[in-house]
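# Any chance you could fold what I've pasted below:
(one chain, ligands or ions: 1)
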Amino acid sequence: MSASVPRDYRRFLARASFIEMSARERARAILDAGSARELLGPFDRLKSPWLPLQDIVAQADDGVVLARGTLDGRPALVAAIEGAFQGGSMGEVSGAKIAAALELALRDCERDRPIWPLLLLETGGVRLQEANLGLAAIADIHAAIIALRAHVPVVGVIAGPVGCFGGMSMAAGLCSRLIVTRQARLGMNGPEVIEQEAGVSELDASDGGLIWSLIGGEQRQAVGLADDLQEDDAAAIAGAVRAAFARGPRRIERSAQVERFTARLAAIQPSAPLDAKLLRSLWNDGATH
Ligand code: COA
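You can find the predicted model right below:
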């Protein structure tokens with residue numbers, strides 16, 4: 001499925017932008033109307049103990065909103081990351097909130113009470129100020145996604161503007177179905193990190209056109225690293241989420257297609273500049289797993 005240039009501009013202008021919503025608004029916009037119930041909300045005051053030690057003001061929900069509710073009447077769990085707080089980065093508390101929620105959903109699935117888990121990913125990856133503690137939490141998130149996939153599809157959405165990077169890009173890769181917008185970015189390291197570490201000859205982080213052509217949502221969907229490209233429209237994304245769950249488990253999870261993806265890496269000439277169109281043609285294997 002792919003988003004087309006909106007011809008009906010009136011409808012396009014009337015839409016509710018998903019990208020402009022906070023994490024809390026996003027969770028509510030996707031769940032069935034009136035069904036959202038927040039878990040470990042701001043009044044529980046689960047803050048990062050590490051940020052104040054570095055003169056950074058902590059946030060009362062540590063940038064993660066967990067909500068239970070329903071999708072088409074089926075029990076669902078949404079973990080929505082707030083991109084506006086510390087770039088949506090995963091610290092000890094925010095990461096543990098997601099991991100614990102997924103583990104509880106897993107326990108319910110194991111008791112024949114399936115819950116649809118949805119990740120609204122807007123994150124710069126591990127929170128650099130919390131280093132290994134964030135990494136450990138991300139590893140728990142990965143393990144929980146893999147365990148959950150045996151019971152229910154795990155669906156991820158990357159809308160933008162932050163995108164999804166670092167260890168959380170691996171979480172996106174582990175999702176059974178991944179929905180993106182054109183404004184989404186998906187990559188292991190951010191462009192400026194790559195330029196800083198490997199030099200401008202490796203990647204010019206100021207070349208926005210190149211960056212978007214390589215790691216933007218449209219390209220990621222075109223090469224099969226995401227499944228569904230949607231407009232920045234809350235109703236369209238909510239519909240795509242329901243459709244993704246309704247499709248049921250993936251026949252072969254993307255992360256199990258090791259040979260397919262390692263063959264792609266082998267097709268890249270490290271000495272030649274990356275070219276998005278060339279990558280699309282090299283990687284166009286027509287697989288629809
Ligand atoms: N840890 C801590 N803070 C982070 C972060 C991370 N992983 N990723 C982003 N942020 C913060 C930025 O420091 C910035 O904070 P500030 O507003 O206080 O300056 C804020 O989030 C927004 O990031 P910014 O870089 O200004 O936005 P951008 O849209 O230009 O780029 C990213 C967004 C995610 C591409 C970029 O921040 C980035 O490359 N982050 C690191 C991604 C990465 O390589 N992660 C792997 C970690 S191992």
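
# Okay, strands next: where are they in this protein?
37-39, 64-71, 74-81, 116-121, 155-158, 177-181, 228-230 (DSSP state E).

# Need the winner for burial among these.
Mean neighbour count (mean count of other Cβ atoms under 10 Å) peaks for strand 155-158 among the strands of the chain, with a mean of 28. Quick note: C-beta positions are derived from backbone N, CA and C, even for glycine.

# got a list of contacts for that one?
Residues from elsewhere that reach strand 155-158 (Cβ atoms under 8 Å, 6 or more residues apart in numbering): 116-122, 164, 171-172, 175-181, 184-186, 217, 226, 237, 240-241, 244-245.

# where does the residue in the stretch 101-250 of the chain positioned nearest to the ligand land on pLDDT?
As assessed by Cβ to the nearest ligand atom, the ligand sits closest to residue 190 within the stretch 101-250 of the chain, at 1.6 Å. The model reports residue 190 with a pLDDT of 94.

# Near the ligand, which residues of this protein? Just list them.
Residues of the chain lying close to the ligand by Cβ under 6 Å from any ligand atom are 86-87, 89, 124-128, 162-163, 165-166, 189-190, 192-193.

# Compare these and tell me which is most surrounded.
residue 127 (30 neighbours; other Cβ atoms under 10 Å).

# returning to that earlier point: pipe the strands of the chain into JSON lines and attach mean pLDDT and distance to residue 99 per row.
Formatted as JSON lines, the strands of the chain follow (pLDDT from 0 to 100; distance: least, Cβ to Cβ, whole Å):
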{"stretch": "strand 37-39", "mean pLDDT": "98", "distance to residue 99": "13"}
{"stretch": "strand 64-71", "mean pLDDT": "98", "distance to residue 99": "10"}
{"stretch": "strand 74-81", "mean pLDDT": "98", "distance to residue 99": "9"}
{"stretch": "strand 116-121", "mean pLDDT": "98", "distance to residue 99": "12"}
{"stretch": "strand 155-158", "mean pLDDT": "98", "distance to residue 99": "15"}
{"stretch": "strand 177-181", "mean pLDDT": "98", "distance to residue 99": "19"}
{"stretch": "strand 228-230", "mean pLDDT": "97", "distance to residue 99": "25"}
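
# Show me what the most centrally placed residue in the chain bridges to in the sheet.
Residue closest to the average C-alpha location in the chain (Cα atoms, centre = their mean): residue 121, at 3.2 Å. Beta-bridge partners recorded for residue 121 (DSSP bridges): residue 158.

# thought it was touching residue 164?
Yes - here residue 121 reaches residue 164: they are 4.4 Å apart, a contact under Cβ atoms under 8 Å.

# any residues in contact with both of these two?
In terms of Cβ under 8 Å, 6+ apart, residue 121 and residue 164 are both contacted by the residues 156, 158, 171-172.

# Tell me where the model's unsure across the chain.
Applying pLDDT under 70 to the chain picks out residues 1-7, 285-289.

# So which of the strands of the chain is nearest residue 249?
With Cβ to Cβ, the closest approach to residue 249 among these belongs to strand 177-181: 9.7 Å.

# quick check: angle from that closest one to strand 116-121?
Per axes from the mean of the first three to the mean of the last three Cα atoms, to 10 degrees, the angle that strand 177-181 makes with strand 116-121 is 40 degrees.

# Given strand 177-181, what are its sheet partners and their directions?
Partners of strand 177-181 in its sheet, by DSSP bridges: strand 155-158 (parallel), strand 228-230 (parallel).

# ok, residues contacting stretch 234-254?
Stretch 234-254 has contacts (Cβ under 8 Å, 6+ apart) with 1, 15-18, 21, 26, 29-30, 71-72, 74, 76, 116, 118, 149, 152-153, 155, 157, 159, 173-174, 176-177, 179, 181, 224-225, 227-228, 230, 289.

# Since that was my last question, I'll sign off now.
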